[in-house]
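**Q** need a 3D model of the sequence below.
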Amino acid sequence: TPPTPTDTVHHLEDAGTAKLTAMAGDTFTQKISSRAETEAGKAVAKVRIRFTITGDTDATFSTGEKYATALTDSAGEVVAPALKAGEDTGEFVVRASVVGRTVVGLDYTATVTERAADTLTRTGETALTCTPGGEFADQVEVKATYKGAVADKVAATATLIKSADDPAENDKGPYFKDADGKTVRTLTGLTTDANGLLKLPKLYADDTTGTFLLRINTAGGATLTVELKVAAAESTQTPSPSATPSA
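**A** Numbering: from 1, shown residues only. Here you go, the predicted model:
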């Protein structure tokens, strides 16, 4: 009996797959492409290729599965379904193999990076002011985006810094409170919500007056510095009503 196309496959070659990288939760824009060839390097059509995701990862194909099978075309090439990154960051491997024939598999390394933002903006424009010993009326809220799209589930920190040139934590001025009511000037473990929004807890002021800075940083490098002012309340003296002569 004449050999089947599968019988003639000697090896698999990469068919121009670009570097595979995506942010957690995103779909990879690059797809894996392989080519089946004979020992002489001739393309083999109508051969089933199986793609399998291996390694410690929650990534899947766009089908939701860890494996996918497709048939090579007339050029001997086959394209796997798009990869979908999960929340696990790091590298994993996708192996291409020929169904029904034992040949050395072809491995593709894919990388999942942490969720990131490249821009932070305040959602409000109200000046943040407070009197000594008081609390700020407005909570700071920011929106994170990445390449113009909402950046959700992005890690962030917020620190009351000494100055624009000194990112060290300030030891005076506005502060947050922890669960026990103690003074805190650095917040870690923050995350933007599904809409890319991050609302910070209430801010309080000690007895120091002046202009202070709150810096918010996110994974990916987005940074926003917010100005806070602590000043004594302006005295508003109302003139006493003028006496009117009695009738």
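**Q** let me see the contact set for the residue nearest in space to the middle of the chain.
**A** The residue lying closest to the centre of the chain (CA atoms, centre = their mean) is Arg115, at 1.8 Å. Residues near Arg115 by CB atoms under 8 Å, 6 or more residues apart in numbering: Met23, Ala24, Gly25, Ala151, Asp152, Lys153, Val154, Ala155, Ala219, Gly220. In short, each C-beta sits where N, CA and C put it, glycine included.
**Q** so of the residues you listed, which ones are in strands?
**A** Met23, Ala155 (DSSP state E).
**Q** my read is that Leu197 contacts Lys143, right?
**A** Yes. Counting by CB atoms under 8 Å, Lys143 is a contact partner of Leu197 at 5.5 Å.
**Q** who touches both of those two?
**A** With CB under 8 Å, 6+ apart as the test, Leu197 and Lys143 both reach Thr123.
**Q** between those two, tell me which one has more neighbours.
**A** Lys143 (19 against 14; other CB atoms under 10 Å).
**Q** so for the host helix or strand of that one, mean pLDDT?
**A** Using DSSP states H and E, Lys143 sits within strand 141-146. Mean per-residue pLDDT for strand 141-146: 96.
**Q** what's the answer for stretch 40-48, then?
**A** Across stretch 40-48, the average pLDDT comes to 95.
**Q** quick one: contacts of that stretch?
**A** 5-6, 8-9, 35-38, 69-77, 98-100.
**Q** now intersect these with the helices, please.
**A** Pro5, Thr6, Thr8 (DSSP state H).
**Q** confirm Asp107 sits in a strand?
**A** Yes. Under DSSP: H, G, I helix; E, B strand; the rest coil, Asp107 falls within a strand.
**Q** now it: how far from Val184?
**A** Note on Asp107: its distance to Val184, by CB to CB, to the nearest Å, is 47 Å.
**Q** circling back: and the residue nearest to the centre of the chain, how close does it get to Gly124?
**A** Distance from Arg115 to Gly124, by CB to CB: 24 Å.
**Q** shaky segments in this structure?
**A** Along the chain, segments meeting pLDDT under 70 span 235-247.
**Q** which entries within the contacts of Arg115 meet the buried criterion?
**A** Met23, Ala24, Ala151, Asp152, Lys153, Val154, Ala155, Ala219, Gly220 (16 or more other CB atoms under 10 Å).
**Q** related to what we said a few turns ago, from the ones in helices among the contacts of stretch 40-48, pick the one nearest Tyr204.
**A** Thr6 (71.8 Å; CB to CB).
**Q** got the contact list for the closest one?
**A** Counting by CB under 8 Å, 6+ apart, Thr6 touches Val44, Val47, Arg48, Val98, Val99, Gly100, Arg101.
**Q** hmm, 7 Å instead?
**A** Thr6 sits next to Val47, Val98, Gly100, Arg101 when contact means CB atoms under 7 Å, 6 or more residues apart in numbering.
**Q** top of the residues you listed by neighbour count?
**A** Val47 (26 neighbours).
**Q** now it: how far from Val79?
**A** 14 Å.
**Q** Thr89 now?
**A** 25 Å.
**Q** ditto for Leu190
**A** 40 Å.
**Q** Glu91: how many residues sit nearby?
**A** 13.
**Q** with adjacent residues omitted, what lies nearest to it?
**A** Distances taken as CB to CB, 6 or more residues apart in numbering put Thr111 closest to Glu91, at 5.2 Å, once the chain neighbours are dropped.
**Q** and what about that neighbour, helix, strand or coil?
**A** Relying on three-state DSSP, one would call Thr111 strand.
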